[in-house]
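In: Build me a model:
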Amino acid sequence: MIGKIVLGLLALFSLQAVAATGGGQDEDWTGTPQMEFMNSEIVTLYQCTSCHTIGERGGTVGPILNQVGTRRDKEWLRRWISDPQEVKPGTKMPKFDFTPEQLEATVDYLANMKTELHTDQILAKKVPMAEMGQALFEDYGCVACHRFGSEGRFVAPDLTWIGVRKTEDWEKTWLSAPEAFKPGTFMPNFHIPAKGVEALAAFLHTQKGQHNDASQQWEFRTNFFLGNTDKERGELVFRRFGCWSCHGESAVGKIRNPNMAPDETMPGLRKATNKYTQEQFSERLNQVFYPTALDESMPKPPFYCPDYGKYMDKSELGDLYAYLKSFAPKKSKWKFK
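Out: Got it, this is the predicted structure:
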């Protein structure tokens, strides 16, 4: 038990070092609203940095907060802090017993936590669209919620393989108005100009596993320090390949996929290991699967399953299978005489 605790602490320090990546660790935060919040009584009392990065320090569970005022307005922040579960059911964010004064003070702190965006300057550059999109991706601090190789968070889907599983047209639709495609989504609408949407979509479409090695190395260190089981390793694989963006967190399904038969929702995977042996599961992942359309005259369903098996090594496939197997209904042991 002591050894497990020591390894856990080592992992914590390792993860907190990674936390700064993408959070602006090279910036001087002295005298900024970020450091004002970091040094506030609120952060000290409620230990916000246990989960969130502020400035260059903090945990990795929640979003990086350095640009939260760019993403959210005061009304949204007030609703979120008052009752996180109401805004996002299932979130790990706890509901704190803030006094009215503490609530308003926290909203004010967070609303002021912004970094200057350079959208117009970036869009004015004479560079390829994908390069322009990468600059916007970094400027908007997308790794505050998304994982990308060894950087970022698991609050939103991992983007390491986004170019394999999504089309540019879908990305444009999503980035233009996330709420219109998925009501209640946690993804904010940045109201990015059309050219910026096109550039971001072009950049995301180029991401087809180039950063997979970095992500694997991060996972290896994490798995080693925490002594993760095959199930726990499999969850990281499930997230890295973006399976949860289509099949839901914890493989529950119910993600909207317009024009997909029979009910326009993606299936869960909690019974997958009852249907497939590990060998059959591996074979299944080596094939691209396009869902059947409800109406052939309408646009095809945007979500489909890539041939991820070609990109996973044998151990990753085994770990992923173990993760899904942990959800499988247990077979009945009843016997009748």
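
In: Map the structural domains onto the sequence of the chain.
Out: If you go by automatic domain parsing, the domain ranges for the chain are 2-111, 119-205, 228-325.

In: Arg221: which of the ones you listed is closest?
Out: Closest to Arg221 of the domains of the chain is domain 2-111 (CB to CB; 6.0 Å). Using the backbone N, CA and C atoms, a C-beta is placed for each residue, glycine as well.

In: What pLDDT is listed against Lys254?
Out: Among the per-residue scores, Lys254 shows a pLDDT of 89.

In: Let me fix that, I meant to ask about Lys330.
Out: What the model reports for Lys330 is a pLDDT of 77.

In: Before we go further, it is sitting in a helix, right?
Out: No. With DSSP: H, G, I helix; E, B strand; the rest coil as the criterion, Lys330 is located in coil rather than a helix.

In: Distance of the residue nearest to Gln67 when sequence neighbours are not counted relative to Met38?
Out: Excluding the flanking residues, the one nearest Gln67 by CB to CB, 6 or more residues apart in numbering is Gly141, at 4.4 Å. Taking CB to CB, to the nearest Å as the measure, Gly141 and Met38 are separated by 17 Å.

In: quick one, phi/psi of Cys305?
Out: phi -100, psi 120 (degrees, to the nearest 10).

In: mind listing what it touches?
Out: Arg165, Cys246, Leu285, Val288, Phe289 (CB atoms under 8 Å, 6 or more residues apart in numbering).

In: List just the nearest of those residues to Asp230.
Out: Here the nearest of those to Asp230, counting by CB to CB, is Leu285; it sits at 16.5 Å.

In: Is the closest one in contact with Met312, as I believe?
Out: Yes. Judged on CB atoms under 8 Å, Leu285 makes contact with Met312 at a distance of 7.1 Å.

In: Between those two, point out the one with more neighbours.
Out: Using other CB atoms under 10 Å as the criterion, Leu285 and Met312 rank with Leu285 on top: 22 against 19.

In: Work out the gap between stretch 261-269 and the centre of the chain.
Out: For stretch 261-269, the separation from the chain centroid amounts to 21 Å (computed by CA atoms, centre = their mean, to the nearest Å).

In: From one end of that stretch to the other, what's the distance?
Out: Start and end residues of stretch 261-269 are separated by 17 Å (CA to CA, to the nearest Å).

In: Kindly report the same for stretch 310-317.
Out: 10 Å.

In: Make residue 1 into 166 and carry on from there
Out: From this message on, residue numbering opens at 166, which makes the last subject stretch 475-482.

In: quick revisit: give me the buried subset of the contacts of Cys470.
Out: When neighbours are counted using 16 or more other CB atoms under 10 Å, these contain these buried positions: Arg330, Cys411, Leu450.

In: Need these in JSON lines (columns: distance to Glu429 and secondary structure).
Out: Compiled in JSON lines, these are given as follows (distance: CB to CB, whole Å; DSSP: H, G, I helix; E, B strand; the rest coil):
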{"residue": "Arg330", "distance to Glu429": "18", "secondary structure": "helix"}
{"residue": "Cys411", "distance to Glu429": "13", "secondary structure": "helix"}
{"residue": "Leu450", "distance to Glu429": "24", "secondary structure": "helix"}
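
In: which of those residues lies closest to Leu242?
Out: Cys411 (29.4 Å).

In: My understanding was that that closest one contacts Arg330; is that so?
Out: Yes. Under the criterion of CB under 8 Å, Cys411 is in contact with Arg330, at a separation of 7.4 Å.

In: Report the set of residues contacting both of those two.
Out: Listed as contacting both Cys411 and Arg330 by CB under 8 Å, 6+ apart are Phe468, Cys470.

In: Check the gap between Ala364 and Met297 for me.
Out: Computed with CB to CB, the distance linking Ala364 and Met297 is 4 Å.

In: if you count what's nearby, which of those two comes out ahead?
Out: Comparing Ala364 with Met297 by neighbour count (other CB under 10 Å), the higher total belongs to Ala364, at 27 against 22.

In: so what's that one up against?
Out: If you count contacts by CB under 8 Å, 6+ apart, Ala364 has them with Leu288, Met294, Ala295, Met297, Gly298, Leu301.

In: Which of those fall in strands?
Out: Taking DSSP state E, every one of these sits outside strands.

In: residue ranges of the helices in the stretch 216-365 of the chain, please?
Out: For the stretch 216-365 of the chain, applying DSSP state H, counting those that start in this stretch gives helices covering 233-236, 239-247, 249-252, 265-276, 284-288, 294-304, 327-330, 333-341, 343-346, 359-370.

In: and those helices, which one's lowest on average pLDDT?
Out: For these, mean pLDDT drops lowest on helix 343-346, to a mean of 91.

In: Any chance you could list what contacts it?
Out: Outside helix 343-346, the residues that touch it by CB under 8 Å, 6+ apart are Thr338, Trp339, Thr350, Met352, Pro353, Asn354, Arg421.
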